[in-house]
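[1] let me see the structure of the following:
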Amino acid sequence: MMIDIALVYGVETLVTFASQALEAVGFSGPMSKTVASVLVEGDLLGHDTHGLALLPGYLTSAREGEMALDGTPGVLNERPAAALWDGRKLPGPWLITEGLQTAMEKAEYYGTFTLSIRNSHHTAGLVSYLKPVTDRGLVGLVMVSDPTEQCVAPFSGCQPVLSTNPFAIGYPSRGGAVMLDMSTAMTTNGMVKRLYNEKGQFAHEWLIDADGTPSCDPAIRFAKAPGAIMPLGGFSAGYKGTGLGMTVEALTHGLSGNGRHRNPQGWQNNVFIQVLDPAAFGGGESFAMEAGFLADAIRHSKAAKADGPSPRVAGDRAQALRAERLVEGVPLSEGILAGLAKWAEELGLPMPQNS
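    The predicted structure is shown next:
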């Protein structure tokens, strides 16, 4: 893959810069390192709208008092294999990392553990949390929704009602872990904002304007009468995305008790985490063998077009990018670098050096 060397940076260089920036606005050292590592992991995996592109927003929230800089979550309810935490506006990357660590330990004892977190700050890219789970031979599921956000239209509608409602699942497999991270909408808010700022267009009609006309133009989201992102499945099969989006909101807002009817304020997320240990069921080896058998069948199935891409398993591309970028470095776009440079100047920090 051809990469502009001037825009490529070593992983540790980026983690160090992000950690220093977070510490400079008041975060503790360990919390800064965790948040920074999760953001850089997003860029490693190719999810660059949910990597260091988020750092300027996090720093702004911290400066404006919208994100807690230290502390621990409050335990609001707890049973042996389930719990509810109050995230107290702590950074989502730290909360989810801590929550998954607890869930993995509990699941290895009880077979499964489910954690609901209310009132987390933004949570970054969900795929960034999966590798530690699958490396441990466990199955992990993470869902997130913002109870303050309305940006996705329901099927047959053109008014924003739902959030983009992403979920991710990772599980071990012979031949490599499977890692799925997807929105229940046709695209993400991050991509809408990026294309809008770049005066670009989507390649497909993934949006719908306030009059009900499908559109490629991200500007409709910022119109006086705002349009919406379409649910997964779009104009013809969006009932699937709407149903999935409702399910994510039920498991995040519903279980956390911090849903839309409470009218919560500020940038926040509710989180659903579940971890399962295959050893408590049919066994880890048989699970990985079964998952791997299907993955191999998909990878070796016939491509629809002779000159087109071969079928691949969820996570294959992201994990290949990760392996490549750990060696060659992480490419950052000019837009991302501009956002980092502004904060480097503000905080008196040197910008990361090219690798």
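
[2] how close does residue 178 get to residue 97?
    Going from residue 178 to residue 97 by C-beta to C-beta, to the nearest Å gives 21 Å. Using the backbone N, CA and C atoms, a C-beta is placed for each residue, glycine as well.

[3] and residue 90, by the same measure?
    11 Å.

[4] cool, residue 201 as well?
    Residue 201 sits at a distance of 36 Å from residue 97 (criterion: C-beta to C-beta).

[5] for the stretch 51-200 of the chain, what spans make up the helices?
    When assigned using DSSP state H, counting those that start in this stretch, the helices of the stretch 51-200 of the chain occupy the ranges 55-63, 92-110, 130-135, 189-197.

[6] CA atoms only: put the shortest one into PDB for me.
    The C-alpha atoms that make up helix 130-135 are tabulated as PDB, following Å, rounded to 0.1, in the frame of the first residue of the first chain:
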ATOM      1  CA  LEU A 130     -12.200  -6.100  21.100                       C
ATOM      2  CA  LYS A 131      -8.700  -7.500  20.800                       C
ATOM      3  CA  PRO A 132      -8.000  -8.000  24.500                       C
ATOM      4  CA  VAL A 133     -11.300  -9.900  24.700                       C
ATOM      5  CA  THR A 134     -10.700 -12.200  21.800                       C
ATOM      6  CA  ASP A 135      -7.000 -12.700  22.800                       C
END
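
[7] mind listing what residue 169 touches?
    Taking C-beta atoms under 8 Å, 6 or more residues apart in numbering, we find residue 169 in contact with 130, 139, 140, 141, 142, 178, 179, 180.

[8] now, the most widely separated pair of those residues?
    With C-beta to C-beta as the measure, no two of the contacts of residue 169 lie farther apart than 142 and 178, at 14.3 Å.

[9] of the two, who's got more company?
    residue 142 (28 against 23; other C-beta atoms under 10 Å).

[10] which residues are in contact with stretch 214-227?
    Contact partners of stretch 214-227, identified using C-beta under 8 Å, 6+ apart, comprise 151, 153, 158, 160, 192-193, 195-196, 200-210, 228-230, 234-235.

[11] make it 10 Å
    The set of residues external to stretch 214-227 that reach it, using C-beta atoms under 10 Å, 6 or more residues apart in numbering, is 150-151, 153, 158-160, 187, 189, 191-213, 228-230, 234-235.

[12] just the buried members of those residues?
    151, 153, 158, 160, 187, 189, 191-192, 194-196, 202, 206-210, 228-230, 234 (16 or more other C-beta atoms under 10 Å).

[13] what sits against the residue lying closest to residue 122 once chain neighbours are set aside?
    Leaving aside its sequence neighbours, residue 122 sits nearest to residue 92 (C-beta to C-beta, 6 or more residues apart in numbering; 5.2 Å). Taking C-beta under 10 Å, 6+ apart as the contact definition, residue 92 lies against 35, 38, 54, 58, 67, 99, 117, 120-124, 126, 129, 144, 267-269, 271.

[14] buried subset of the residues you listed as a PyMOL selection?
    Selecting just the buried residues from the contacts of residue 92 in PyMOL takes one command, with 16+ other C-beta under 10 Å as the test:
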select buried, resi 35+38+54+58+67+99+117+120+121+122+123+124+126+129+144+267+268+269+271
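
[15] report the contact partners of the residue nearest the centre of the chain.
    Of all residues in the chain, the one closest to the mean position by C-alpha atoms, centre = their mean is residue 125, 2.1 Å from it. Applying C-beta under 10 Å, 6+ apart to residue 125 gives the contacts 38-39, 41-43, 45-51, 54, 93, 144, 166, 168, 181, 188, 190, 318.

[16] please check those residues and keep the buried ones.
    Using 16+ other C-beta under 10 Å, the buried members of the contacts of residue 125 are 38-39, 41-43, 45-51, 54, 93, 144, 166, 168, 181, 188, 190, 318.

[17] now the strands for the protein?
    Chain-ordered strands for the chain, with DSSP state E as the definition, fall at 8-9, 74-79, 82-86, 112-120, 139-145, 167-171, 178-182, 207-208, 214-215, 228-229, 269-276, 330-331.

[18] burial measure for the residue nearest to residue 206 when sequence neighbours are not counted, as a count.
    Closest residue to residue 206 in three dimensions, ignoring its sequence neighbours and counting by C-beta to C-beta, 6+ apart: residue 186, at 3.8 Å. Other residues near residue 186 number 23, with proximity taken as other C-beta under 10 Å.

[19] isn't residue 186 up against residue 229?
    Yes - when contacts are counted by C-beta atoms under 10 Å, residue 186 is listed as touching residue 229 (5.9 Å).

[20] pretty sure residue 193 contacts residue 50?
    No - applying C-beta under 10 Å as the test, residue 193 and residue 50 come out as separate, 12.0 Å apart.

[21] contacts for stretch 318-326, please.
    Stretch 318-326 is contacted from outside by 1, 3, 8-11, 40-47, 125, 127-128, 130-131, 176-181, 312-313, 315, 330-331, using C-beta under 10 Å, 6+ apart.

[22] which elements pack onto the lowest-mean-pLDDT helix or strand in the chain?
    Least confident element among the helices and strands of the chain, by mean pLDDT, DSSP states H and E: helix 189-197 (a mean of 92). On a contact count with 3 or more C-beta pairs under 10 Å, 6 or more residues apart in numbering; DSSP states H and E, helix 189-197 meets strand 228-229, helix 334-347.
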